[in-house]
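Visitor: Predicted model, plus sequence, below.
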Amino acid sequence: MSQAAAATLDRSTSGFGVYNLKLGMWVFLLSEVMFFTGLIGAYIILRFANPEQFAEPGVVLNVPLTALNTFILICSSVSMVKAFAEIERGNQKGLRMWLLVTIALGIVFLSIQAYEYSLLAHEGFVPVADAYAAIGRHGGETIVGGPLYGATFYTMTGFHGAHVTIGVLCLMFTAFKAFRGGYSAQNVGGVEIMGLYWHFVDLVWIILFTIVYLI
Amino acid sequence: MEGHTHSSPPAASGTSSATTPAPETSHKAPNYYLVWLFLAVLTVAEVGVAFLSAIPKQVLVIALILMAVWKALLVALYYMHLKFEPRRLWLIVAAPLPLAIILVAVVLLEQW
Amino acid sequence: MSTVVTTPDAPARQTHGQHQELPFLRRYVFSTDHKIIGIQFLFMSLFFLVLGGLLAMAMRWQLAWPSNPEIPLPGGSLLPETMFTQGIMLPEFYNAAVTMHGTIMVFFAIMPLLVGTWANYLIPLQIGADDMAFPRLNMISFWLAVPAGLLMLASFGVVGGAANAGWTGYTPLSTQDVYSGVKTGQQLWALSLTILGFSSLAGSVNYITTIVNMRAPGMTWFRMPLSTWALFITSILILLAIPVLAGAMILMFFDQTIGTNFYDPTTGGQPLLWQHLFWFFGHPEVYILILPAMGFVSDILANGARKPIFGYAAMVWAIIAIAFLGWVVWGHHMFMSGMNPMLGGAFMITTLMIAVPSAIKTFNWLGTLWRGNIHFHSPMLYALSFVALFVVGGLSGIFLAATPVDIPLHDTYFVVAHIHYVLFGGSLFGIFGAITFWFPKMFGRLMNETLNKVHWLLTFVLFNIVFFPMHMLGSGGMMRRLYDPLQYPHLQDMQDTNVLITVAALGLFTVQLLFAFNFFWSLFRGKVADANPWQANSLEWSAPSPPPHGNWGGALPVVHRGPYEYSAPDRDSDFWLQADPEGGTAHAAH
């Protein structure tokens, strides 16, 4: 496409003040809000209808491990916003370094999530079963519950994990482009929308962590 | 932190045609590390509150939700720069929130 | 007529128009040009419209002559044994036909006709942009819709046949194959609609960004034609409704495939959860399917009446009000579901409130016609029928909105009549109007007026013969999705009505072939059209017919006035192009 032509456009009457890529990303994120609202709504109706199938917080799920993971995702948001701040000042080195840090933190998050899944499955908390019997964290007695707990837990955290995975892949593309000098202080759109997506994924995790793990 | 002002509007890098030059915005970059500290402290507080058995369940749930919303707002306002965007964008961003609340509220009422 | 009106202050710019010719594949198949993508959606959805119509004919045949080997479905013997044996259409195939008729018509015919076709084609032309904000995303949007359609078609050929749990896919019928006998078909159904959802999302992100950011100089919000306004609000509805459906569909797919129990009541799952999520999407979907048609009709009525649209601002606010209220009424589909009765009352009130903005629109259309110098060209005839039939559909909607009335009428042919008055009488007549109106712009040739008028007359008459008696059938107790009315003594007396409806429906389908013939004949042999054959005002009529790649041949148009300046006093001509600089105010505040 012709970026050269784009710069000469006069858009005085429709000066919304937010350029296309960024507006498009925001608009896309709104649809993501509704997607996760649907999932959270499903979780709420199922949990209220069947409280006996769900365990109290911290009994089956490993909250300390996930709290650590939450912290890692928050850190990755800082590194992402730092990457954007650096390229706004035209600092290519800073951009590349912070992008790599963000990718690393994203991969750590995913690895811990995979470890968490395997740990939980090993303890007997599986996504699909008529009933699960997991080793409880308070004294080691076995906790028994219905199929909906595992199904909702793995679906919600799994879809979030899928979003993180897509985010990491996009970050890799962004970093690849950054190392080839694709961004500059005048051309930060790609980094900014990458950041918007990444922070949104962080934001969703903040909500999910509270609803799924703590309540 | 770095007290620089926002540079002139970024040009769209990627795929397609037209870009709108944003109006010159000038604001201090927020202290990203301070926001990070807030988020970390709130996370610790959340986990701590969640395991306080002394608090009645309803109060606990409300407190946890409020803290989660606080954290979400911090991310949206500072990391996603919403605080520094034109109010028009706020309007767009707020659009799905009433709908999300309506959906969750109706689904909740179903079980009462 | 000059093709592009520009003023010196419009900045010169390069557009896609000047670059070298693209190879055939990039130009017509994997095109990023919004006009080509719109035309691709047009052909795809017209194909599905015919397919959905054929399924309807099969259903009507069964309803008129139920399981009667003396009068077998013509061509039924061509169908495999699992659908049609010994002159009898099997109930399994009938259920699949009902389901696929609804699904195909809603998701693959009307929705892409209204949004995929016209949002793509009209938005950049009506706001004066050279293309969409994200042309490549736009191409992806079409090429996601195609595999979604193919998956839906493929489901007819899999073991167990196509999905047969109704277009609403109520659980657990749709998730447990012990009830429906269909497993793979039902999975393909969920998968196909999820993929189509991604296509619609990509489209909406594009439409919204384009309208917000890429309007030509002078094109303020309240100078946009109502078509563009309606498509803008529709895009917002799609953007926020489709993800909820996608989430619900994915949970359904998990239930069908990996054995979760989100919707299975035997282990604590909630069928009501599906209904809430489906209708939270489904009711905005209803407005997705009517708002664009309202926009086209507004444009056509003002053009045909040679008068400004009556109450332009009220029309815009009514669209917005309908769109917002559309989010808080979904429970009126669930009055019979065992939903919390308090919610039922609330949903009844909000539903009745929608009558207010709908009535504002209807009276404004009448006000537009009042004392107009009406030109009965064929788009105008379709638009006038839209108004009449939408009123009938809207009034029966008020019946159904009231809980006590809905209880006996729920899931009867009264509902079938209601939805067809709105979706066929409303949306499809709006689409016929739009196709005939913008055909010369799309293809540079006019459709044959006489054939169109014959088609309009026969369609209008036959449509009413087909669907009006369904109100009586429904009030008489004929159930929706019924396989054999003769099984019920109380329906046997009304069988003559069913035969009448079927005969008229066959006629209605046949008449559509006339339109198809006219469409393809005019494509190659129609009278060559100039830039503005209807003497209309909005920007697209300032571009050549058909507009070139990049639309404006180098310089963006500048907008000087609103889109409905017909019969302005002290002017010789009774129309006034938005891009006409004469006496204009190019840079009014927005």
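Guide: Yes, it's here. Residues are numbered from 1 along each chain as shown, chains lettered A, B, ... in the order given.

Visitor: What about residue A:157, how many residues nearby?
Guide: 20 (other Cβ atoms under 10 Å in any protein chain shown). In short, each C-beta sits where N, CA and C put it, glycine included.

Visitor: what's near enough to touch it?
Guide: A:113, A:208, A:212 (Cβ atoms under 8 Å, 6 or more residues apart in numbering or on different chains).

Visitor: if we go to 10 Å?
Guide: Residues in contact with residue A:157 (Cβ atoms under 10 Å, 6 or more residues apart in numbering or on different chains) are A:61, A:66, A:113, A:116, A:117, A:205, A:208, A:209, A:212, A:213.

Visitor: Show me these that map onto helices.
Guide: A:66, A:113, A:116, A:117, A:205, A:208 (DSSP state H).

Visitor: Wait, the third one touches residue A:65, no?
Guide: Yes - A contact is recorded between residue A:116 and residue A:65 when judged using Cβ atoms under 10 Å, the distance being 5.8 Å.

Visitor: neighbours of residue B:103, just the number please.
Guide: Neighbour number of residue B:103 under other Cβ under 10 Å is 24.

Visitor: Check which residues of the helix or strand that it is a member of are buried.
Guide: Following DSSP states H and E, one finds residue B:103 within helix B:96-109. By neighbour count with 16 or more other Cβ atoms under 10 Å in any protein chain shown, helix B:96-109 contains the buried residues B:96, B:99, B:100, B:103, B:104, B:106, B:107.

Visitor: Likewise for stretch C:570-580?
Guide: C:575, C:576, C:577, C:578, C:579, C:580.

Visitor: Of these, which pair is most distant in space?
Guide: Taking Cβ to Cβ, the two most distant members of those are C:575 and C:579; they sit 12.1 Å apart.

Visitor: Overlap in contacts, those two.
Guide: Common neighbours of residue C:575 and residue C:579 (Cβ under 10 Å, 6+ apart) are C:537, C:541.

Visitor: Tell me how many other residues crowd residue C:506.
Guide: 17.

Visitor: what's near enough to touch it?
Guide: Per Cβ under 10 Å, 6+ apart, neighbours of residue C:506: C:57, C:60, C:61, C:64, C:74, C:462, C:466.

Visitor: Mind jotting down where the helices sit in chain A?
Guide: A:3-7, A:20-49, A:63-88, A:92-122, A:147-179, A:189-208.

Visitor: Need these in TSV (columns: mean pLDDT).
Guide: Converted to TSV, these look like this (pLDDT from 0 to 100):
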stretch	mean pLDDT
helix A:3-7	36
helix A:20-49	92
helix A:63-88	93
helix A:92-122	95
helix A:147-179	95
helix A:189-208	95
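
Visitor: Tell me which of those sits nearest to residue B:49.
Guide: helix A:63-88 (12.0 Å).

Visitor: Just the angle for that closest one relative to helix A:189-208, thanks.
Guide: Inter-element angle recorded for helix A:63-88 and helix A:189-208: 160 degrees (by axes from the mean of the first three to the mean of the last three Cα atoms, to 10 degrees).

Visitor: filter the buried residues of helix B:96-109 by proximity to chain A?
Guide: B:96, B:99, B:100, B:103, B:104, B:106, B:107 (Cβ under 10 Å from any Cβ of the partner chain).

Visitor: Pipe those into CSV and attach pLDDT per row.
Guide: Below are those laid out as CSV (pLDDT from 0 to 100):
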residue, pLDDT
B:96, 89
B:99, 91
B:100, 90
B:103, 90
B:104, 88
B:106, 87
B:107, 84
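
Visitor: so can I have a markdown table of the residues you listed showing distance to chain C?
Guide: Formatted as a markdown table, those follow (distance: Cβ to the nearest Cβ, whole Å):
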| residue | distance to chain C |
| --- | --- |
| B:96 | 5 |
| B:99 | 5 |
| B:100 | 9 |
| B:103 | 6 |
| B:104 | 10 |
| B:106 | 6 |
| B:107 | 6 |
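
Visitor: Of the buried residues of stretch C:570-580, just say which sits nearest to residue C:411.
Guide: For these, the nearest to residue C:411 is residue C:578 (47.7 Å; Cβ to Cβ).

Visitor: can you pull the contacts of the closest one?
Guide: Residues near residue C:578 by Cβ under 10 Å, 6+ apart: C:5, C:126, C:128, C:216, C:218-219, C:223-225, C:536-542, C:557-565, C:584.

Visitor: Now with 8 Å, please.
Guide: C:219, C:223, C:537-539, C:542, C:557, C:559-563, C:565.

Visitor: Name the nearest residue to residue 40, ignoring sequence neighbours.
Guide: By default, I'm working from chain A. residue A:211 (6.3 Å; Cβ to Cβ, 6 or more residues apart in numbering or on different chains).

Visitor: please go with chain C instead
Guide: residue C:142 (5.4 Å).

Visitor: So the one you found sits against residue C:117, correct?
Guide: No - using Cβ atoms under 8 Å as the test, residue C:142 is too far from residue C:117 to be in contact (10.4 Å).

Visitor: When the two are compared, which one has more neighbours?
Guide: Taking other Cβ under 10 Å, residue C:142 and residue C:117 do not tie; residue C:117 has more neighbours (27 against 23).

Visitor: Check for me that that one belongs to a helix.
Guide: Yes - according to DSSP: H, G, I helix; E, B strand; the rest coil, residue C:117 belongs to a helix.

Visitor: Residue C:41 is in contact with that one, correct?
Guide: Yes - taking Cβ under 8 Å as the definition, residue C:117 is a contact partner of residue C:41 at 4.4 Å.

Visitor: one step back: among the helices of chain A, which is nearest residue C:100?
Guide: helix A:20-49 (25.0 Å).

Visitor: re the thing from before, put together JSON lines for the helices of chain A, with distance to residue C:348 on each row.
Guide: Formatted as JSON lines, the helices of chain A follow (distance: least, Cβ to Cβ, whole Å):
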{"stretch": "helix A:3-7", "distance to residue C:348": "51"}
{"stretch": "helix A:20-49", "distance to residue C:348": "22"}
{"stretch": "helix A:63-88", "distance to residue C:348": "43"}
{"stretch": "helix A:92-122", "distance to residue C:348": "45"}
{"stretch": "helix A:147-179", "distance to residue C:348": "32"}
{"stretch": "helix A:189-208", "distance to residue C:348": "33"}
